[in-house]
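>>> Following is a predicted model, sequence given first.
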Amino acid sequence: MTDDVLDIPFADAFAFDPSPTWARLREEAPAVRVRTLAGAVVWLVTRYDDVKLVLADPRFSRAGVVAEGAPRVGVSRPLPGTLPTTDPPEHTRLRKLVSGAFSHRRIERTRPWVRELCEELADDVVDGADLRRVYALPLPLQVICTLLGVPYGDRERFREWVELAYSMEMSEQSRVEAAMASLVAYMGELVAAKRREARSDDLLDELCATPLTHDELVAFALNLLVAGHETSANQITGFVATLLRDRSAWERLVADPSLVPSAVEELMRFTRLSDVGQLRVALEDVPVAGVVIRAGEGVMASIGSANRDPRAFPHPDRLDLGRTPNPHLALGVGPHFCLGAQLARIELREALTVLLERFPGLRAARPVEELAWRRVLVSGLAELPVRV
């Protein structure tokens, strides 16, 4: 590698297999300067230990990414004052207010209902169907809408806004800004209505009874709505495609469904949700991977690269459905560990289990390497046509 600033996403990004550049960076330049689509020059770290450090160390700030003049990865800027964009003690205060709603016991009670929903949606998985459109996307979208209290009938309104919010096309900046404004306005109206009704039927009703301000409620609800379905939809699609690419992996799970929990963890490690990384801003000078990241500089931590680091995972490019231990970083680490991790695991396990039971002969209708890839911040396959 040279000292030149690399453009990210890389030229060969948005494909089924990760760019070979990630492996080269891990070995030759584990901390390197990159230029984002928005023109910001930041550091990029790619090794497991360095990524974990940047994500968990309080010297690297999430609040800094929404400060005036902060570097930007894509077109849109994250909403300020939310769990993903605050640091302790403010982050601790916000998380404490909402953590009860995501307790393990409470979320576990959703499992039978999620299973039933998977069974219903599986009826639409027929020859030639796009598994993402008929199964992987509507499942988590309906789950988060129901839990949060967002009308599922409004999904056609906000789906386009959500797609634009993750855009990686700088030419769409005006459309992205308009979409974000529409999302904020939509959720603001919903929050205001729920506060007037003072009910307690869903999560948003409960959050309205907390000391969260109106703006905090709107930002929190938007984050839950977007993150609560985009990531799971991409993961379900990617998991199935990965298993169908290597037919023996799918057949192994059909024969032994007890492997599903460990398979889900391995598939979270093996697949990736981003061709960039999670951004932080250094609060002080910090030595990382042989360089010093100066106070005020941005640093991007690539979870997708860290999860393929041979220093942390033996044979990292091999799918091992029984891998243990499996300390992957797909759900984050430290204070910003995914609040909805338990819900995500339930969705992923039940979605995969139902498909294995209903469609043991499932196959991809086309080679997965040829399928279109979504060129957005939270990326994944745009489609997965199947044969049953």
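Structure received.
>>> Look at V45 and say how many residues are nearby.
29 (other Cβ atoms under 10 Å). To be clear about C-beta, it is placed using only N, CA and C from the backbone, and glycine gets the same treatment.
>>> Report pLDDT for it.
V45 is assigned 98 on the pLDDT scale.
>>> Would you state the helices of the stretch 151-300 of the chain in chain order?
155-165, 173-197, 203-208, 214-245, 247-255, 260-270 (DSSP state H, counting those that start in this stretch).
>>> Nearest to G380 among those helices would be which one?
Smallest distance to G380 across these (Cβ to Cβ): 3.2 Å, for helix 214-245.
>>> Enumerate the positions of that closest one that are buried.
Neighbour-count burial for helix 214-245, counted by 16 or more other Cβ atoms under 10 Å, picks out 216-245.
>>> Kindly report the same for stretch 340-358.
340, 342-356.
>>> So which residue is smack in the middle of this structure?
In the chain, the C-alpha nearest the mean C-alpha coordinate belongs to T231, at 3.9 Å (Cα atoms, centre = their mean).
>>> Next SSE downstream of whichever strand or helix holds I346?
Taking DSSP states H and E as the criterion, I346 maps to helix 341-358. Heading C-terminal from helix 341-358, the first helix or strand you meet, by DSSP H and E, is strand 363-364.
>>> Does that following strand pack against any helices or strands, and if so which?
helix 214-245, strand 386-387 (3 or more Cβ pairs under 8 Å, 6 or more residues apart in numbering; DSSP states H and E).
>>> looking at those, which one has the lowest mean pLDDT?
When I compare the helices and strands packed on strand 363-364, helix 214-245 is least confident, with a mean of 91.
>>> returning to what we had before: any chance of CSV for the helices of the stretch 151-300 of the chain, columns distance to R105?
Formatted as CSV, the helices of the stretch 151-300 of the chain follow (distance: least, Cβ to Cβ, whole Å):
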stretch, distance to R105
helix 155-165, 29
helix 173-197, 24
helix 203-208, 15
helix 214-245, 19
helix 247-255, 28
helix 260-270, 18
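>>> Which among those is found nearest to A13?
Ranking those by proximity to A13 (Cβ to Cβ) places helix 214-245 first, at 14.9 Å.
>>> any idea how far the lowest-mean-pLDDT helix or strand in the chain is from the chain center?
Least confident helix or strand of the chain, by mean pLDDT, DSSP states H and E, is helix 155-165 with a mean of 80. Centroid separation between helix 155-165 and its chain, computed with Cα atoms, centre = their mean, to the nearest Å, is 16 Å.
>>> between that helix and helix 173-197, how many degrees?
Helix 155-165 runs at 130 degrees relative to helix 173-197, counting by axes from the mean of the first three to the mean of the last three Cα atoms, to 10 degrees.
>>> Show residues contacting helix 155-165.
Outside helix 155-165, the residues that touch it by Cβ atoms under 8 Å, 6 or more residues apart in numbering are 76, 141, 145, 172, 175-176, 179-180, 182-183, 186, 225-226, 230, 376.
>>> go with 10 Å
Here helix 155-165 makes contact (Cβ atoms under 10 Å, 6 or more residues apart in numbering) with 74-76, 78-79, 137-138, 141-142, 145, 150-151, 172, 175-187, 222, 225-226, 229-230, 374, 376-378.
>>> For PyMOL, write the select line for the buried members of those.
Entered in PyMOL, the line below selects the buried ones among these, by 16+ other Cβ under 10 Å:
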select buried, resi 74+75+76+78+79+137+138+141+142+145+150+176+179+180+182+183+184+186+187+222+225+226+229+230+374+376+377+378
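>>> ok so, going back, got the helices and strands packed on strand 363-364 as CSV, with distance to E266 columns?
Shown next, in CSV, are the helices and strands packed on strand 363-364 (distance: least, Cβ to Cβ, whole Å):
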stretch, distance to E266
helix 214-245, 10
strand 386-387, 21
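>>> Show me where this protein dips below the pLDDT cut-off.
1-3 (pLDDT under 70).
>>> Touching, L121 and A233? I think so.
No: counting by Cβ atoms under 10 Å, L121 sits too far from A233 to count as a contact (11.9 Å).
>>> Which neighbours do those two have in common?
Each of Y135, A136, L137, P138, L139, A351 lies in contact with both L121 and A233 under the rule Cβ under 10 Å, 6+ apart.
>>> What sits closest to the fourth one if chain neighbours are left out?
Excluding its sequence neighbours, the residue lying closest to P138 (Cβ to Cβ, 6 or more residues apart in numbering) is L121, at 5.9 Å.
>>> and the one you found, what element?
helix 111-122.
>>> starting at the chain centroid, how far to that helix?
Using Cα atoms, centre = their mean, the offset of helix 111-122 from its chain centre is 22 Å.
>>> quick one: that helix to helix 341-358, angle?
50 degrees.
>>> in helix 111-122, what counts as buried?
R111, V114, R115, L117, C118, L121, A122.
>>> likewise stretch 301-317?
A301, S302, I303, G304, S305, A306, N307, R308, D309, A312, F313, P316.
>>> So what would you say the end-to-end distance of that stretch is?
Using Cα to Cα, to the nearest Å, one end of stretch 301-317 lies 19 Å from the other.
>>> quick one, what contacts A351?
Taking Cβ under 10 Å, 6+ apart, we find A351 in contact with 114-115, 117-118, 121-122, 135-136, 139-140, 232-233, 235-236, 239-240, 264.
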